[in-house]
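Engineer: structure here, sequence nowhere to be found:
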């Protein structure tokens, strides 16, 4: 029996070819890493149901208001414990777009209707970071105003904190972009968050997607989406035939036809 969900949101991943977008989607949806992946042509699809809102968000300290208040006023006391509401769940409809210049005109069309985005670069290739500004410009030209964006620095496994392994072998730190640079870029470009990930080890991958999902949920709570508008990147219960519809974690070789059918029907996800 499939896990029920309360909301469904369209999330796009974008960035230069080879930055690891497809590997991140495979890691999230299928829990595995493949060192060899074919170049994405157009778009590939996946899905994953994640918890949003309390209590999960509080446990992960994602968009936790009490944490922010404590940081700004260290002397403030935490609020008294209250009865937690039932846990909400969101189905992320993941659209992994091609990063090659050849497919850029096709890729841009998939940004339309997205409510969230992961802008991915490779921390070991500075050019992919520099190109993030161009990708962001394209996204904001086409996507809905107020789209939730997280900058993702992938391949953190190639920038180990320690250059000496347990076996005594020295590992080369291939990092070309520092966390400080990426965080400053986010501030300058009004991007919500910076997260470093490793599709190979899985480190930070769920966190990156949850950061996007949680902020979308906060926007839902604030009434910023029309959940009944078929063009919206976020839908509520009953979208697509009900919130207990079969949940499929699509592999990277699946669903091109399904995606085309969804577009023809006017659906986002």
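Structural biologist: Right, received. Where do you want to start? Only a predicted model underlies this, so the values are computations on that prediction, with no experimental measurement involved.
Engineer: pull up the per-residue confidence for residue 132.
Structural biologist: In this model, residue 132 is scored at 97, pLDDT.
Engineer: isn't it right up against residue 121?
Structural biologist: Yes - using C-beta atoms under 8 Å, residue 132 makes contact with residue 121 at a distance of 5.2 Å. In short, each C-beta sits where N, CA and C put it, glycine included.
Engineer: hey, what's in contact with both of these two?
Structural biologist: 15, 151 (C-beta atoms under 8 Å, 6 or more residues apart in numbering).
Engineer: contacts for stretch 117-135?
Structural biologist: The contact list for stretch 117-135, computed with C-beta under 8 Å, 6+ apart, reads 11-16, 18-21, 24, 111, 136, 139, 143, 147-156, 158-159, 174-177, 181-182, 185, 189, 191, 196, 208-209, 212.
Engineer: may I see the buried residues of the one helix or strand residue 180 maps to?
Structural biologist: Using DSSP states H and E, residue 180 sits within helix 179-188. For helix 179-188, a neighbour-count test (16 or more other C-beta atoms under 10 Å) marks 182, 185, 186 as buried.
Engineer: from residue 149, how far off is the first one?
Structural biologist: Note on residue 182: its distance to residue 149, by C-beta to C-beta, to the nearest Å, is 13 Å.
Engineer: show me how far the helix or strand hosting residue 213 is from its chain's centre.
Structural biologist: Per DSSP H and E, residue 213 falls inside helix 205-221. Computed by C-alpha atoms, centre = their mean, to the nearest Å, the chain-centroid distance of helix 205-221 equals 8 Å.
Engineer: how about that helix: buried residues?
Structural biologist: Buried positions in helix 205-221, judged by neighbour count with 16+ other C-beta under 10 Å: 205-220.
Engineer: next structured bit after it?
Structural biologist: Following helix 205-221 in sequence, per DSSP H and E, is strand 234-235.
Engineer: and that next one, what other elements does it pack with?
Structural biologist: On a contact count with 3 or more C-beta pairs under 8 Å, 6 or more residues apart in numbering; DSSP states H and E, strand 234-235 meets strand 7-14, helix 205-221.
Engineer: now with 10 Å, please.
Structural biologist: Counting contacts by 3 or more C-beta pairs under 10 Å, 6 or more residues apart in numbering; DSSP states H and E, strand 234-235 packs against strand 7-14, strand 88-97, helix 205-221.
Engineer: so for it, mean pLDDT?
Structural biologist: Summarised as a single mean, pLDDT over strand 234-235 is 92.
Engineer: from here on, count from 4
Structural biologist: Sure, I'll start counting at 4 from here, so that last one is strand 237-238.
Engineer: what pairs with that strand, parallel or antiparallel?
Structural biologist: If you go by DSSP bridges, strand 237-238 pairs up with strand 10-17 (antiparallel).
Engineer: angle of the strand it pairs with against strand 91-100?
Structural biologist: 30 degrees (axes from the mean of the first three to the mean of the last three C-alpha atoms, to 10 degrees).
Engineer: now the strands for the stretch 104-253 of the chain?
Structural biologist: With DSSP state E, counting those that start in this stretch as the criterion, the stretch 104-253 of the chain has strands at 119-125, 151-157, 196-199, 237-238.
Engineer: lowest-confidence stretch among these?
Structural biologist: strand 237-238 (a mean of 92).
Engineer: leaving out chain neighbours, which residue sits closest to residue 57?
Structural biologist: Leaving out its chain neighbours, the residue that sits closest to residue 57 by C-beta to C-beta, 6 or more residues apart in numbering is residue 87, at 5.6 Å.
Engineer: fine by me, thanks again.
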